[in-house]
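Student: Got a predicted structure plus its sequence, pasted below:
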Protein chains: 2
Amino acid sequence: MISKKISHNLANSSMIRAMFEEGEKLRKIYGADKVYDFSLGNPDPEPPVEVKSALRELAGSDQLKMHSYMNNAGFPEVRETIAQKINSETGLNLNFSNVVMTVGAGGALNVVLKTLLNPGEEVIVFAPFFVEYTSYIDNHGGKTVIINTDFNTFLPDPEILRAKITPNTKAVIINTPNNPTGVVYSRDTLSSIAKVLEDKSREYGNTIYLISDEPYRKLAYDVEVPNILTIYRNAIMIDCFSKSLSLPGERMGYIATNPEADDVTTLMNGLVYCNRVLGFVNAPALFQKVIAKTINSTVDINIYKERRDLLYNSLTELGYECVKPDGAFYLFPKALIPDDIEFKNRAVKYNLLIVPGSGFRAPGYFRLAYCVSLETIKNSLPAFEALAKEFK
Amino acid sequence: MISKKISHNLANSSMIRAMFEEGEKLRKIYGADKVYDFSLGNPDPEPPVEVKSALRELAGSDQLKMHSYMNNAGFPEVRETIAQKINSETGLNLNFSNVVMTVGAGGALNVVLKTLLNPGEEVIVFAPFFVEYTSYIDNHGGKTVIINTDFNTFLPDPEILRAKITPNTKAVIINTPNNPTGVVYSRDTLSSIAKVLEDKSREYGNTIYLISDEPYRKLAYDVEVPNILTIYRNAIMIDCFSKSLSLPGERMGYIATNPEADDVTTLMNGLVYCNRVLGFVNAPALFQKVIAKTINSTVDINIYKERRDLLYNSLTELGYECVKPDGAFYLFPKALIPDDIEFKNRAVKYNLLIVPGSGFRAPGYFRLAYCVSLETIKNSLPAFEALAKEFK
């Protein structure tokens, strides 16, 4: 009785539920500490103490109208704080009017796509990628065009991008640091993408937007994550605090644009309008204020870096092939057989829960999320070793 | 460069912004206390003390994972609390699986419509109505079918509804207590709507859903607001805490269904899936827990009732015609000339800010939101009197 498309999609999305249920079953049989669950990208460090204090301070204050409606774009002073933070890092000249507070990065992506897309317009994504993008694009009548990265580096090839752009291309989505590969795009890579979009925008007389989804931008290990707004004038930056402050359940994100973007006032008005009519209305009030008070805080990223080092070094020693990730909390090694679904099933026998690369449109690989303790990683190594031996 | 449809809608929605800016201008010239702004439905009482204490308690606790991801439907214990609250009021038998926590009622409506609608299916609404419904329906490819209520009572006529239902009708949206009229549908009215939907569902072999948007259900003055789930098996109840707890900025709502609804498991799975892919992901974590702790609290509705009485009695004495509202915080009187836009402009000359009925598809009327102090209402009365005299 529900929508035919949703009904169809439900059937396809049942794999993830099945995996989760498998994990629960294993935990019941063997105990939680004997199950090595690398399937969930759910940040496990607690939020920084500054977040806890800001929250206590606000909860205890007598400030009136703290939980009221505000402008659909969010509290102007919170937006200004974010604009100034970006300015201090980039030398750009944003103000509050270039920032819209959103219900997480997922909300932001939907708002941006609804604002931009006419029916049937194309949005390019680089595989492997977070497949939810295809749902977001479809929600607003767009068509997803998938381009593979070079699987030796997981970086996009600008010339392949150039060849795939049509007069119908409205936007390109990038995600750096990347889910699922952990790869961080360098300034050179981003500049070469920007160059292609500038050329093609000029050629077709259309603005082609570069939507940069950056929920992991603070989780980078000894490499720069360049600010996209400094590289491409028509970039739309999407950031959130789910990973940087370990607040995924609170749904806090934002969209930021370059003040020099084409027709930026209409773009911002469109974003605010779509934030409203999609039913987000505004990002949650109290946590906007928490964010403004903790804009300079980040979880201790050494926690993640130590895990990355241990897991990457151990797996490569065991013979797994893997691009070394510079960011996010994922490893994306090659499966030891071409059939990554079968490989996932074999891993389960060792109580190893992993996600097949097919789930990111990259069959033959698998994703490990290291949102688990160092201890769990250490304990999982014999299982990875036994699994590797099966295929020697 | 943005979507043509959004660009077009922006032009149309600029009236509201213009009105808001007019208000700001008047406040600067005359001082805030000399401007009688009845245009905004923004609850002004502070949240009940129980909400403040629950928030302080949670903010001060050492509970881990308080801000983490959870099931996309929300925390099971919060959903169970809501289910049991509904059961205690109705004798129904819901459990947590019949409840999805949402980003407000606006988010809930989008989730429900995306879950239900195939392209081009029809959704019936009764005018006057909150016009955002047309955007929500359009977001998900549906077609809005508008039926006027009887403007002497603002109640829908079940026989007109019967005549307007086609094999393509997927759902009917009702909103009680109503924005903009303040009218509350009685059990009889709801039963007669339910009867029509049962007959027509049977006739066409389709489930026709009754989506009941009830953000004002706790704001009713000496009348019953029947629970729709007790009246129609395929009703979908949408409630939020924006008005009942004065928490509009925090975006907390929920969807509840009858456990006996057609294929209820698929329906619930669809709702949870759409909550995720629309980018809501989950309702904000901390406030879910606040809600569970304050489920029996409500703002002091006598604050609103006193205002209703003063405003209704005064305006009718001054000769304004108005259906007496039993709920919400709106009055919807007849404009003193047929052109409600012109009437709104005339009102501005007396520093009275009102919303033309055309904005609710009911030209010739105007909406007053009494989210202002009793003092402001008292001070506004000479302005209403002077306005009335213009048209005598």
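Tutor: Sure thing, it's come through. Residues are numbered from 1 along each chain as shown, chains lettered A, B, ... in the order given.
Student: Contacts for the lowest-mean-pLDDT helix or strand in chain A next, please.
Tutor: Least confident element among the helices and strands of chain A, by mean pLDDT, DSSP states H and E: helix A:14-30 (a mean of 82). With CB atoms under 8 Å, 6 or more residues apart in numbering or on different chains as the test, helix A:14-30 has contacts from A:35, A:37, A:39, A:348, A:351, A:353, A:355, A:359. (Glycine included, C-beta is placed from N, CA and C.)
Student: can you rerun that using 6 Å?
Tutor: With CB atoms under 6 Å, 6 or more residues apart in numbering or on different chains as the test, helix A:14-30 has contacts from A:35, A:37, A:351, A:353.
Student: List the buried residues in that helix.
Tutor: Neighbour-count burial for helix A:14-30, counted by 16 or more other CB atoms under 10 Å in any protein chain shown, picks out A:19, A:22-23, A:26-27.
Student: Return the residues of the stretch 51-200 of chain A in contact with chain B.
Tutor: A:55-56, A:59-60, A:67-69, A:103-104, A:106-107, A:110, A:115-118, A:135 (CB under 6 Å from any CB of the partner chain).
Student: With the stretch 251-392 of chain A instead?
Tutor: Counting by CB under 6 Å from any CB, the stretch 251-392 of chain A sits next to chain B at A:251, A:262-263, A:267, A:269-270, A:273, A:277, A:279, A:281, A:284-285.
Student: and which of those residues is nearest to residue A:188?
Tutor: Nearest to residue A:188 among these: residue A:262, at 24.6 Å, using CB to CB.
Student: where does the closest one land in three-state SS?
Tutor: Assigned with DSSP: H, G, I helix; E, B strand; the rest coil, residue A:262 falls in the coil class.
Student: per-residue confidence for it?
Tutor: With respect to pLDDT, residue A:262 has a value of 98.
Student: Find the nearest non-adjacent residue to it, please.
Tutor: Among residues not flanking residue A:262 along the chain, residue A:207 sits closest, at 4.8 Å (CB to CB, 6 or more residues apart in numbering or on different chains).
Student: Residue A:306 too?
Tutor: residue A:374 (6.2 Å).
Student: How is chain A divided into domains?
Tutor: In terms of domains, chain A is parsed into A:4-47+A:299-390, A:64-293 (source: automatic domain parsing).
Student: from the ones you listed, which stretch is densest packed?
Tutor: Comparing the domains of chain A by mean neighbour count (mean count of other CB atoms under 10 Å in any protein chain shown), domain A:64-293 ranks first with a mean of 21.
Student: where exactly do the helices run in the stretch 251-392 of chain A?
Tutor: Assigned by DSSP state H, counting those that start in this stretch, the stretch 251-392 of chain A shows helices spanning A:264-277, A:285-293, A:301-317, A:340-348, A:374-390.
Student: Turn these into a markdown table, columns for distance to residue A:177.
Tutor: Output for the helices of the stretch 251-392 of chain A, formatted as a markdown table (distance: least, CB to CB, whole Å):
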| stretch | distance to residue A:177 |
| --- | --- |
| helix A:264-277 | 24 |
| helix A:285-293 | 20 |
| helix A:301-317 | 11 |
| helix A:340-348 | 22 |
| helix A:374-390 | 19 |
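Student: Nearest to residue B:301, out of these?
Tutor: helix A:285-293 (22.4 Å).
Student: Tell me which residues are up against that closest one.
Tutor: With CB under 6 Å, 6+ apart as the contact definition, helix A:285-293 has outside contacts at A:54-55, A:58, A:67, A:74-75, A:78, A:81, A:101, A:241, A:250, A:252, B:249-250.
Student: and what of stretch A:339-356?
Tutor: Contact partners of stretch A:339-356, identified using CB under 6 Å, 6+ apart, comprise A:23, A:26, A:34-39, A:335, A:337, A:357-358, A:363-364, A:366-368, A:383, A:386-387.
Student: And for stretch A:92-105?
Tutor: The contact list for stretch A:92-105, computed with CB under 6 Å, 6+ apart, reads A:73-74, A:76, A:79-80, A:82-83, A:86-87, A:108, A:215, A:229, A:238, A:240, A:251, A:253-257, A:259, A:271-272, A:280, A:283, A:288, B:103, B:281.
Student: List the ones among those that fall in strands.
Tutor: A:238, A:240, A:253-257 (DSSP state E).
Student: which two from the residues you listed end up farthest apart in space?
Tutor: Spatial extent of the ones in strands among the contacts of stretch A:92-105 (CB to CB) is set by the pair A:240 and A:257 at 16.0 Å.
Student: Going by mean pLDDT, which of the domains of chain A comes out lowest?
Tutor: Of all those, the minimum mean pLDDT falls on domain A:4-47+A:299-390 (a mean of 94).
Student: Quote the end-to-end distance of it.
Tutor: End-to-end distance for domain A:4-47+A:299-390: 42 Å, by CA to CA, to the nearest Å.
Student: so how far is it off the chain centroid?
Tutor: 17 Å (CA atoms, centre = their mean, to the nearest Å).
Student: again, but for stretch A:91-99
Tutor: Relative to its chain's centre, stretch A:91-99 lies at 23 Å (CA atoms, centre = their mean).
Student: start to end distance for it?
Tutor: Terminal-residue distance, stretch A:91-99 (CA to CA): 16 Å.
Student: quick one on the thing from earlier: and the ones in strands among the contacts of stretch A:92-105, which is closest to chain B?
Tutor: Nearest to chain B out of those is residue A:253 (CB to the nearest CB; 9.4 Å).
Student: OK, contacts around the closest residue to the closest one other than its chain neighbours?
Tutor: In this structure, residue A:253 finds its nearest non-sequential neighbour in residue A:240, 3.3 Å apart by CB to CB, 6+ apart. Residues counted as contacts of residue A:240 (CB under 6 Å, 6+ apart) are A:104-105, A:215, A:253.
Student: swap in residue A:51?
Tutor: With contacts defined as CB under 6 Å, 6+ apart, the neighbours of residue A:51 are A:245, A:294.
Student: And it, which helix or strand is it part of?
Tutor: Element membership for residue A:51, per DSSP states H and E: helix A:49-60.
Student: just to revisit the earlier point, would TSV of the contacts of helix A:285-293 with distance to residue A:189 be doable?
Tutor: Output for those, formatted as TSV (distance: CB to CB, whole Å):
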residue	distance to residue A:189
A:54	36
A:55	38
A:58	40
A:67	43
A:74	31
A:75	35
A:78	32
A:81	30
A:101	29
A:241	26
A:250	32
A:252	28
B:249	39
B:250	40
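Student: Leaving out sequence neighbours, find the closest residue to residue A:303.
Tutor: Closest residue to residue A:303 apart from its sequence neighbours, by CB to CB, 6+ apart: residue A:45 at 5.4 Å.
Student: Phi, psi for the one you found please.
Tutor: Recorded main-chain torsions at residue A:45 are phi -60, psi 150, according to degrees, to the nearest 10.
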